[in-house]
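K.L.:
Structure for the following, please:
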Amino acid sequence: ADTFRSGSKGGVFIPQYKFDRSPFSPMRKPPAPTPPLDAAQRSLLAALNQVVAPDFSLAGGAQSDGLTFIHRQVGEVDLYFVSNLQPAPIASDVTFRVKGKIPQRWDAITGKTGAVAEYRENATGTVVPLDFAPWESAFFVFAPGLAPAGKAAKAAAPAISLPVGGPWKMALAGYGFEPFETTLDTLGSWTDAPRTRHFSGTGIYETEFTLPAEQCAADVRLELDLGAVGNIAEVELNGQAVGVAWMAPHRLEITAAARAGKNKLVVKVTNTLINYVAGLEAPPEIPDELQARLGKSNPDVYPTGKKLTKEMNETDLPAAGLIGPVAVKCMRLK
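P.N.:
Down below sits the predicted model:
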């Protein structure tokens with residue numbers, strides 16, 4: 001049935017419904033947009049909403065393409081983990097089915113906690129404006145009398161983005177790879193160039209950029225956006241370590257390390273071994289310390305044949321290196 005109806009004894013008839021499970025991979029093939037609900041699914045939601053409000057919902061009851069959550073209660077505290085499992089940003093008011101409690105936002109990546117800058121209550125819960133980058137996540141903690149550490153700073157105007165365009169000095173060094181240095185006017189993946197396609201290791205990028213004095217005022221927060229990275233980036237600014245970006249969005253706060261005028265930026269990017277292995281023409285010998293137990297060649301460790309050749313010379317390699325675009329985002333706070 002496509003509709004719900006009241007039963008003869010005052011009950012509610014629940015129509016057939018289904019759950020659609022599709023494979024998820026944030027790397028090579030982003031997930032397709034969520035298909036719209038069919039009539040039976042919409043009817044089921046309508047029936048459920050007659051009984052209880054959603055635990056977590058987007059403005060206007062909009063369907064999400066990947067914004068998901070987990071809710072746990074610990075005593076009087078409500079903990080929500082909210083994650084954007086899609087390759088696109090999302091900005092929307094969201095409603096948590098919690099009332100009479102003060103929300104905080106906790107960042108598991110940086111360890112920072114702070115008051116939610118804006119929120120309000122309505123008939124079904126607490127409404128919080130949410131602005132997530134692709135793949136971003138955060139904890140929202142609701143507790144009675146959870147006093148904020150101070151007034152939450154929020155952007156007074158849209159962020160100003162200052163491109164960091166280079167040129168970039170790049171130096172590559174890794175196992176089985178002859179050291180390579182060059183200057184880049186444009187960033188790109190190591191896999192796009194034959195010379196670096198099968199490089200696995202650490203690449204060091206260096207450049208300089210200039211910040212206007214007004215963007216280094218006390219009421220401005222500065223954030224370095226590395227764009228796309230394959231796979232992990234360690235960042236230094238003016239000789240000061242500012243952090244490691246190991247997942248998207250690859251962003252780090254640089255307010256304390258930045259200065260008006262010229263700034264020197266160093267980004268060390270490390271990728272995985274798949275690029276090196278994909279370039280091998282034959283399996284390597286088993287390490288000396290293992291040969292007494294496994295021998296010089298062992299088909300259980302290094303299988304041979306056409307399957308090995310195909311896997312080792314894989315063409316669909318993941319992007320590697322600092323791909324960008326790189327920019328400094330300047331946000332004036334109030």
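K.L.:
Tell me how many other residues surround A88.
P.N.:
A total of 13 residues lie near A88 under the criterion other C-beta atoms under 10 Å. All C-beta atoms are positioned from the backbone trio N, CA, C, and that covers glycine.
K.L.:
and if you look at L252?
P.N.:
Residues lying near L252 (other C-beta under 10 Å) number 20.
K.L.:
Correct me if wrong, but it is in a strand.
P.N.:
Yes. Counting by DSSP: H, G, I helix; E, B strand; the rest coil, L252 is located in a strand.
K.L.:
Verify the stated contact: it with W246.
P.N.:
No. Taking C-beta atoms under 8 Å as the definition, L252 is not a contact partner of W246, at 10.8 Å.
K.L.:
Where do the helices of this protein begin and end?
P.N.:
Along the chain, the segments classed as helices by DSSP state H run 39-51, 274-278, 288-294, 306-312.
K.L.:
Now tabulate those helices in JSON lines and tack on distance to R120 and mean pLDDT.
P.N.:
Shown next, in JSON lines, are the helices of the chain (distance: least, C-beta to C-beta, whole Å; pLDDT from 0 to 100):
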{"stretch": "helix 39-51", "distance to R120": "21", "mean pLDDT": "85"}
{"stretch": "helix 274-278", "distance to R120": "48", "mean pLDDT": "86"}
{"stretch": "helix 288-294", "distance to R120": "63", "mean pLDDT": "82"}
{"stretch": "helix 306-312", "distance to R120": "55", "mean pLDDT": "53"}
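K.L.:
Out of the ones you listed, which one sits most buried?
P.N.:
helix 274-278 (a mean of 18; mean count of other C-beta atoms under 10 Å).
K.L.:
ok, the closest residue to L79 other than its chain neighbours to F56 distance?
P.N.:
Spatial nearest neighbour of L79, chain neighbours left out: R72 (4.8 Å); criterion: C-beta to C-beta, 6 or more residues apart in numbering. From R72 across to F56, the span is 12 Å (C-beta to C-beta, to the nearest Å).
K.L.:
Any stretches of the protein with poor pLDDT?
P.N.:
1-32, 146-158, 297-315, 334 (pLDDT under 70).
K.L.:
Try it again at 80.
P.N.:
1-34, 65, 87, 110, 145-159, 215-219, 280-287, 294-316, 332-334 (pLDDT under 80).
K.L.:
re earlier: looking only at neighbour counts, state which of R72 and F56 leads.
P.N.:
With neighbours defined as other C-beta under 10 Å, R72 and F56 compare such that F56 has more, 20 against 9.
K.L.:
Go ahead and confirm the more buried one touches H71.
P.N.:
Yes. F56 is in contact with H71 according to C-beta under 8 Å; the separation is 6.9 Å.
K.L.:
so what's in contact with these two at the same time?
P.N.:
Y80 (C-beta atoms under 8 Å, 6 or more residues apart in numbering).
K.L.:
Can you give me every residue that contacts the residue sitting nearest the centre point of the chain?
P.N.:
With distances taken as C-alpha atoms, centre = their mean, A248 lies nearest the centre of the chain, 2.9 Å away. Counting by C-beta under 8 Å, 6+ apart, A248 touches P26, A133, P134, W135, E136, A228, V229.
K.L.:
Please pick the buried ones from those residues.
P.N.:
P134, W135, E136, A228, V229 (16 or more other C-beta atoms under 10 Å).
K.L.:
Just list the residues touching the spatially closest residue to the fourth one that is not a sequence neighbour, thanks.
P.N.:
Pointing back at A228 there. The shortest distance from A228 to any non-neighbouring residue, by C-beta to C-beta, 6+ apart, is to I323 (3.9 Å). If a contact means C-beta under 8 Å, 6+ apart, then I323 has L187, G188, S189, G227, A228, V229, G230 as its contacts.
K.L.:
Nothing else from me, thank you.
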